[in-house]
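Trainee: I need the structure of the sequence given here:
(chains A, B, C and D)
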Number of protein chains: 4
Amino acid sequence: MSDSPLSSSSVADPALADAGRDRIEWADAQMPVLRSIRERFAATRPLEGIAVAACLHVTAETANLVRALLAGGAHVALSAANPLSTQDEVAAAIAAEAGATVHARRGEDMDAYVAHVRTLVEGEPQITLDDGADLLTVLHARPAGLPANFLGGTEETTTGLVRLRGLQDSGRLNCPVLAVNEARTERLFNDHYGTGQSTLDGILRATNLLLAGRTVVIFGYGFTGKGIALRARGAGAQVIVCEVDPMRALEARMEGFQVMPALDAAGRGEIFITVTGAPGVLTTEHFLQMTDGAVLANAGHFDVEIDLPALDAVATGGVREVLPLVTQYEIAGETPRRLNLLAQGRVVNLAAGQGHPAAVMDMSFANQALAAEHLAQGAGTLSAGVHPVPDAIDREVATLKLRSLGVRIDTLNTEQEQYLHHWTQAPVRP
Amino acid sequence: MSDSPLSSSSVADPALADAGRDRIEWADAQMPVLRSIRERFAATRPLEGIAVAACLHVTAETANLVRALLAGGAHVALSAANPLSTQDEVAAAIAAEAGATVHARRGEDMDAYVAHVRTLVEGEPQITLDDGADLLTVLHARPAGLPANFLGGTEETTTGLVRLRGLQDSGRLNCPVLAVNEARTERLFNDHYGTGQSTLDGILRATNLLLAGRTVVIFGYGFTGKGIALRARGAGAQVIVCEVDPMRALEARMEGFQVMPALDAAGRGEIFITVTGAPGVLTTEHFLQMTDGAVLANAGHFDVEIDLPALDAVATGGVREVLPLVTQYEIAGETPRRLNLLAQGRVVNLAAGQGHPAAVMDMSFANQALAAEHLAQGAGTLSAGVHPVPDAIDREVATLKLRSLGVRIDTLNTEQEQYLHHWTQAPVRP
Amino acid sequence: MSDSPLSSSSVADPALADAGRDRIEWADAQMPVLRSIRERFAATRPLEGIAVAACLHVTAETANLVRALLAGGAHVALSAANPLSTQDEVAAAIAAEAGATVHARRGEDMDAYVAHVRTLVEGEPQITLDDGADLLTVLHARPAGLPANFLGGTEETTTGLVRLRGLQDSGRLNCPVLAVNEARTERLFNDHYGTGQSTLDGILRATNLLLAGRTVVIFGYGFTGKGIALRARGAGAQVIVCEVDPMRALEARMEGFQVMPALDAAGRGEIFITVTGAPGVLTTEHFLQMTDGAVLANAGHFDVEIDLPALDAVATGGVREVLPLVTQYEIAGETPRRLNLLAQGRVVNLAAGQGHPAAVMDMSFANQALAAEHLAQGAGTLSAGVHPVPDAIDREVATLKLRSLGVRIDTLNTEQEQYLHHWTQAPVRP
Amino acid sequence: MSDSPLSSSSVADPALADAGRDRIEWADAQMPVLRSIRERFAATRPLEGIAVAACLHVTAETANLVRALLAGGAHVALSAANPLSTQDEVAAAIAAEAGATVHARRGEDMDAYVAHVRTLVEGEPQITLDDGADLLTVLHARPAGLPANFLGGTEETTTGLVRLRGLQDSGRLNCPVLAVNEARTERLFNDHYGTGQSTLDGILRATNLLLAGRTVVIFGYGFTGKGIALRARGAGAQVIVCEVDPMRALEARMEGFQVMPALDAAGRGEIFITVTGAPGVLTTEHFLQMTDGAVLANAGHFDVEIDLPALDAVATGGVREVLPLVTQYEIAGETPRRLNLLAQGRVVNLAAGQGHPAAVMDMSFANQALAAEHLAQGAGTLSAGVHPVPDAIDREVATLKLRSLGVRIDTLNTEQEQYLHHWTQAPVRP
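Mentor: Numbering: from 1, shown residues only, chains lettered A, B, ... in the order given. The predicted structure follows:
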C-alpha cells in the first residue's frame, strides 16, 4: 500500500479537486484542534510508514483527518462509510494528496461499497479507522486473518462498538480497538452540544416554526436528550421530559423541566422529539391524544422510535407531503387533526439539517488521530479487546481545544499537589 | 373595484394555484389568531363592500390575511411590496379567490412595480395596507387626492412610518394611519422573539457553526438586540453587548451580559451581529482587531451597519465566496486573518434564512386585519395622522393567541376592580 | 433651620455614633453612585444653604443620602418614615454631622412620629424628601401654606404618589414634585432586580426550603412579578404564572413559563407568591385545592393579597407558629393539609429578609439627590404638579452606575448622529 | 442495649422534648422520602432487634432518620458528631422515644465527645452510622475488635471515607462499609443543588449584596462548583470559572462561562468563592489584584482554600469586623482597598446560612436508612471493604422522591426491553 499510485484512486471527477480544497479549507478553519495535531504530527512523524485504512464519511472534515494522518507519515486508503454522504469534490481533493488513495463516489451502490472495503482490506493495513466496524469485521472474517504487524483499530459509532463487543464476547476479537465515540470530549461535543443544537436546527429548517412559547416534549433524558432539552429551553420553549429511568427523570425534574408519562405529554405537546434508542416510543395511543398540527421528529439513531406503521394506520384522513421534509398524517373526524412527521422519522439533524458542525467533528477526529498515534506507539503492548480512549488523550484534546479558544488555565502548585495526594491517600486522623 | 373580474389579475402562472393553496394551508395551520379573526369576520362582515388595496409581500402568510379580509366582506387588490419575495404559486391561488385581484410576478422590474401600485391606486380603495407607505404616498401625491370615502391606511414597517410622519409633520397627511408595527403584540413577536430566533437561524444555515462556547458580540440592545442576546445565550454562547445608550447598557449588564466598547469587543468576539440602525458600526479599526475566522452578520434593516467599502479595503489578501452566503475577506500578514461576511451584510434572517415564522406573521396580520376593521368602524371619526393601534386591538390579539395556545387566565372580580380603582384614583390618607 | 444646633436632635443614644459610622461606611462601599454624586456635590455645592426636610427610613443607606445632601451645601432635618426601621446607631451618627438634625428613635409611637413631622415642617424647608407624602401633605394642610421660597418635593413610594396625584387632581397641589420611584433606573433595580432577589431571599430565610425542582406559582407578572419569576427559574424552580392581563399573560408564556388560572395553579404549586396589588388573590377556593405543606408568601405592598380571614376560617385543624416567621394553618380531614403562611402575609422581602440591598438603594437615593439638585436649579421654573424624573437624571444615574462597575461604552460619532437624525426626521423617499 | 432505659440518655434538658417534636415535625414535612421509608419499615420491620449506633449531627433531620430506624425495629443509640450543631430540644425529643438513647448536649467538650463515642461502642452495636468514621475507627482499634454479629457500617462524609479507605488499603478494615455520600441521589442533591443554593444563601445572609450584574468568580468546577455557578448565573451574575483540570475547564466554557487563570480573575471579580479542596487557592498575589470591596467566601470543606495568614499579612491598613460574619482586611495605599472575608473562611453555607435544606438531608438519610436495611439483609454475605451504595437503593430513593413530587413516569414494555437487550448484547450485522 505504501506505493499506491494516485491512479489507483476511484473518484467521480478528479477535476473537482480545487473545489474540494476550498471546502476542506473552510472546514479546517473550524477544526483548530485537529490542525494543531497535524502541525505536531508533521514535526514528530508518529505514523511514519504506517498503512492506515479508513472507512468513514467522505466529507471535508474527514479530509482534514486524512491530512493529519498523512502529516504524521501514514499512507492512507479511504473509502466511504455511506455513499450518500460522499462529497465528490472532497474525494477528488484527497485523492490528489501524496500518500492517499480514495475509493468513493457519491451515490454508488452496495456492490461498489463492498468492493471498496475489500480493496482497503487487501491493502494489508496496520491500523483501521471504522464507522460501523466493517473493516475490522471483514479483516476478522477473512481466512488470512489480520494483517501481519496489525496494530489495531478505532471505532466511531455505537453500532460499530456493539458489533465489536459481540465479537469480543464470543472470544473472536484479536486486536485492540479504541472506542473513540466514548471519549469524554467526543461525547460532550457530539452527543450533548452537537446534537442539542443540530436537532433543533433540523426542525427549524424543515418547518420554520417559532420555538418560543411552544411546548416541546423530549423522550429520553440521556446525554443527548439533555442537550436537546437545554437548547429547547434556551430557545424559549416549555420543555416536558418523558423518561423511564427514575434517576434521570429526577434529574430532569430538578433542572426545572416538567416530567410525566408519554401519554399525558401526548396531549400537551406541540413538538415531539424522540431520543431513547427504543422502538415504539410514540405509537397509536399517543397519536390519538395529539392536537392538530403536532410535529414529530426523531433524534435517535434508527427510525424505529416513532411507530411509522401505526402512524400510517391512524391517518384515516390521508397522508401527504406538505413541505419538502414534512409528511402530514391526517386523523379524520369532526375536527380532523394533522400530525406532521419530519424526515420520515429518520434522525432529524442529519436528514433535515447539515449534521454536526465542523467544530464537533474536530473533537471526534482529534480523538481519532491521537488514537491512531496511541496504537502506533503501543505496538504489541495493547491487549486484544475494546478499550476506552486513554484519559491522557481526552485531556490533550481538551487542552488543545481550550488553547484554540484562547483560554488559559492554572495548574496545581507543588504544595497543592501534595495536599491533595495526602488527602486522598492517607487517613486523616491517626 | 368592486366589480374587478378575476381576469384582471396579473400573475406568473394561474395553473400554480393548487400548489399555492397547499402552502397557504400550511401557513394557515401556524396562524390560529388570524384564522379565528377570519371566522369572526365571516359571521359579522365588518368590511362588507369595502375596497382594500394592499401592497405587501406576496407570500402564503399574506394570503391568509387576504382570506380574512375577503371573509369580512372586502374586495381586495394586492400587489407585491418586493418582487423578490413573491411566491408565484401563492399569487395564483389568491387570484383565484372571489373578490381578490393580484398583480405580482416574482422578479418583475421596477417599472412593473410602479405600474402595479398605480393600478391599485386607480381602483379608488377606501383602505390601504402598506409595507413602506407607497400606496399612501402615491395617493397623497396624485392631483385627484384621496379617494372619496377614504377611511385610512395601515403601515407595517418602520421605514413607512418615517415617511408618513414626515408627511404629517409637513402638514400634508390627510387621513388616519394605524402604526401596526408599533403594536405591542407585533413588537413582541416580530422584533423580539421572531428576529431573535431567525437571526441565529440564518447564521446557522449559512455557516453551520456550533454556537455553544462561542463568543457572540451584539451591537445594539434594543428590543431586537435583546431578543438575539437572549437566544444566543440560550444556545450556549457567551454574549458581549455593545451599546451607546447608558440605560440600555446597564440593563444588558444587569442581565449578566458583558458590556464593553466595540473596539474592545472586536478582539474577543467570534461572531458579530449588528442591530443598531446606525451606519459604520463595524469599520476599519474593528476589522483590524478581529481574529481569524470571525463571522460578520447584520440584523438591522439596511446594509450600512457593517462598513462594506472599508471591509473591501482591509482585505489585502483577497476576497472570495467560500460558501453560498459567505464571503471571505483576507487581511494579509504574517498570520493572515480571514473575516467571513454573511449575505453581503444584508439582513441575515431574511437573506440566509426563511424570515419570520408564520406564527410571527400571525400576530402582525391579526393586527392588520383588526386595524382595517377599526378604520371601517371609525369611518369619519378618526383624525388625520399616524395613530397607535388601539390597546383594545392589542388585547384582543393577545387574548386570541392565548386561546390558540390553550391558555386560560382569570379576570378581576368586582371587589378587586373597585379596590384597584380606589387605589389608583383616590388619596390613601385623608 | 440653618443654625440648628446639634442639641436639637432627638435620638436614642448619641453614644452609638461610632457604631453607626461603621454601618454607614459599609453601606457607602455598596453605594458607588451616590458616593460619586457626593464627591461632585462637594465640589459644586448645588444645594448651598438650602433647607431640606426628609422623612425617610432612618437606615445606613439613608445616612449616605444625607451625607451627599450635606456635601452639596444643604441643611438637612431628618425624621423616620417608619419607627420600626430606625437604626438608632445610624441616627446617632447622622445627628453628629454638621448641618444635620435627626428626630428618630426606634419603636417610638405615633404621637412622636407626628410631632417629628411637625418639627420638620416648622423648620420651613425649601425642599422635602418624602416616603409616603406626609411632609408635603402637612405643608399643604397647614394654614400658613408652603414655606416662602419653597422649591418642591420628591416622593419615594407609590402610595405617596397616589396621595399627591389625588391632591393634584383636586387642584390643591401647589408645588412641583418629582416622582423618584418611577425613574427607570429606580424601577429596574428596585422593583425588578431588588425585589426579585430579596423576595426569594426572604422565603429562604424563613423556611430554608430547596427551590430546585419545586413548583413556584407567581400571581402577577408586572415588573416585580417578572423579577421574581426570573429568579425562581434561576434557582431551578418550575414557575407557573397567574395573570389577569392578556398581554402580560402572553409575555409570560412566551418566556417559557406555564400560565393558568389561579384555581388550576392552586393544586399544582408548592410555593405561592402574590404580587398583584389586588386583594383576595388567594382565598378559600384556592386554599382548599392546595396540597399539604404549601407555602404562602406575599410580595405586594399590602397584606391584603392573601385573604387572611378566609385562611383562618379554613384552618379547621388549628393554627400554630411552627417557625419564627411561619404560621401553619391546618385543614382537618382524612389526610390533613398544612398551609404555611410566611410573615403574616406582610411583604416577605422586608418582613423575613433584610429588604433591598444597598446597591438598590444606591440607585433610588442617587435619583433623590439629583432630583433635589434639579429642584434647586429649576427654582421658580417648574410648574406645580407631579413630574417624572427627567431623562437626563436617569441617564446620569445609569452612566455613574456603569462607571462604578468599570464598564465603558461607546458614543455615536457625528456621521451616525446625522444618519439617525435624518432617518427619524425626514421622509425616506421623496 | 435493647433494654436501654430512657434514663441512660444524656441530654441537656428533657423538658425541651415538646419543642423538639415541633421542629422534627416541620422537618418531617420536608422529608417525604424518608417518611415513606419509615412507613414501609413499620410494616416490614427489616431491622427487628438490631442494635444501631449512630454518631451524626443531632438535628431535626437526623431525628427523622432515627424514627425510621426505630420504626424498622432497631434499637438506636445516638451521639453528636459535632457538639456545636446539636439542637438540645431535638435531643430531648429523641431521647423520649422508645428504643432510643441519646448522648448529646450542645457545646459539650472534646472529652464528653470521646466518652459518648465510647459509650456507643460499648453498646456492642451491629450496625454503625458514621459522620467522620469515628465509630468504626474506634471499634477497629479496641482490643476486643468488632462486636459479634457485626453487620457493617455506613459513612456520610468524604473525610470518613478517606480514613476508611486508608484502613482498607492497609489491610485492616474488617467489615463492609457503604459509602452513602457517593450515592448518585445524595451527590445530586447534596453537592449540586443543596450546596449550590445554600452557598449563595449564606453569602446573601452575611452581606445582603445584590447578585444581579455582579461578577462572581468560582474556583473549582466539580460537582459542587457547577451547582454554585448555575445558581449564580440564575441570580443574574456574570460567572468566571477558574479550574486546573482541562476537561472541566472546557465544560465550563461550553456552558457559556468565562474561564481564565485565577490571577486574571482576581482583578475582575467582585465575589470570590473557592470550592476546590486544595489549599492556598487565593493567596497574596491574588489579594493584591483585587478591587475595593471584594468579597471572599469558601464553600470547600476546610478553611485552607483562602490563605488566611497571607490575607492578614497584606492587610496593612488593619483588620476589623464590619458585620457579624464579615471581617474586613484593608490594603493600605493611595486608594486603600478593603477585602471582605466571610465567616473566617469557613464553609459559608454552614457558617453563614442554615446548611442544607431538609429536602437535601431527606435524600442523604433515605440512603442511610436503606443502606442499614441492606446491611441487615446481607448479613454475612458482604465482603469487608468500602462498597458503593447499590444502584437499586439509588433507584428506590429516586423513585420515592418522584412519587413525593407527584411525578409519574413510564416503564419499558416487553418489546422495548427485548430490543434494547438485543441491541446491547448482540452484533448488529451477522
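Trainee: surely A:Met361 is in a strand?
Mentor: No. Counting by DSSP: H, G, I helix; E, B strand; the rest coil, A:Met361 is not part of a strand but helix.
Trainee: so the nearest residue to it once chain neighbours are set aside versus A:Ala27, what's the distance?
Mentor: Leaving out its chain neighbours, the residue that sits closest to A:Met361 by CB to CB, 6 or more residues apart in numbering or on different chains is A:Glu61, at 3.9 Å. Bear in mind the C-beta positions are built from the backbone N, C-alpha and C, glycine included. According to CB to CB, to the nearest Å, A:Glu61 stands 5 Å off from A:Ala27.
Trainee: helices and strands of chain A: which one bottoms out on pLDDT?
Mentor: Every helix and strand of chain A was ranked by mean pLDDT, DSSP states H and E. The lowest is helix A:414-425, at a mean of 80.
Trainee: which ones are touching the residue nearest to A:Met361?
Mentor: Counting by CB atoms under 8 Å, 6 or more residues apart in numbering or on different chains, A:Glu61 makes contact with A:27, A:31, A:358, A:361-362, A:365.
Trainee: could I have the buried ones of these as ChimeraX selection syntax?
Mentor: Burial among the contacts of A:Glu61 is assessed by 16 or more other CB atoms under 10 Å in any protein chain shown; the matching ChimeraX selection reads:
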select /A:27,31,358,361,362,365
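Trainee: just the element for the residue nearest to A:Met361, please.
Mentor: Using DSSP states H and E, A:Glu61 sits in helix A:60-71.
Trainee: keeping just the C-alphas, turn that helix into PDB.
Mentor: The C-alpha trace of helix A:60-71 is given here as PDB (Å, rounded to 0.1, in the frame of the first residue of the first chain):
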ATOM      1  CA  ALA A  60     -14.400  17.900   4.200                       C
ATOM      2  CA  GLU A  61     -14.000  17.200   7.900                       C
ATOM      3  CA  THR A  62     -12.700  13.700   7.200                       C
ATOM      4  CA  ALA A  63     -10.300  15.200   4.700                       C
ATOM      5  CA  ASN A  64      -8.700  17.100   7.500                       C
ATOM      6  CA  LEU A  65      -8.300  13.900   9.500                       C
ATOM      7  CA  VAL A  66      -6.600  12.300   6.500                       C
ATOM      8  CA  ARG A  67      -4.300  15.400   6.200                       C
ATOM      9  CA  ALA A  68      -3.300  15.000   9.800                       C
ATOM     10  CA  LEU A  69      -2.600  11.300   9.300                       C
ATOM     11  CA  LEU A  70      -0.600  12.000   6.200                       C
ATOM     12  CA  ALA A  71       1.400  14.700   8.000                       C
END
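Trainee: the next helix or strand after that helix packs against which elements?
Mentor: Remark: after helix A:60-71, the chain's next helix or strand is strand A:75-80, criterion DSSP H and E. In this structure, strand A:75-80 packs against strand A:51-56, helix A:60-71, strand A:100-104, helix A:110-122, with contacts taken as 3 or more CB pairs under 8 Å, 6 or more residues apart in numbering or on different chains; DSSP states H and E.
Trainee: how about those in a markdown table, adding distance to D:Phe219?
Mentor: Below are the helices and strands packed on strand A:75-80 laid out as a markdown table (distance: least, CB to CB, whole Å):
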| stretch | distance to D:Phe219 |
| --- | --- |
| strand A:51-56 | 41 |
| helix A:60-71 | 35 |
| strand A:100-104 | 47 |
| helix A:110-122 | 50 |
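Trainee: okay, those in JSON lines with mean pLDDT next?
Mentor: JSON lines is the format used below for these (pLDDT from 0 to 100):
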{"stretch": "strand A:51-56", "mean pLDDT": "97"}
{"stretch": "helix A:60-71", "mean pLDDT": "97"}
{"stretch": "strand A:100-104", "mean pLDDT": "95"}
{"stretch": "helix A:110-122", "mean pLDDT": "92"}
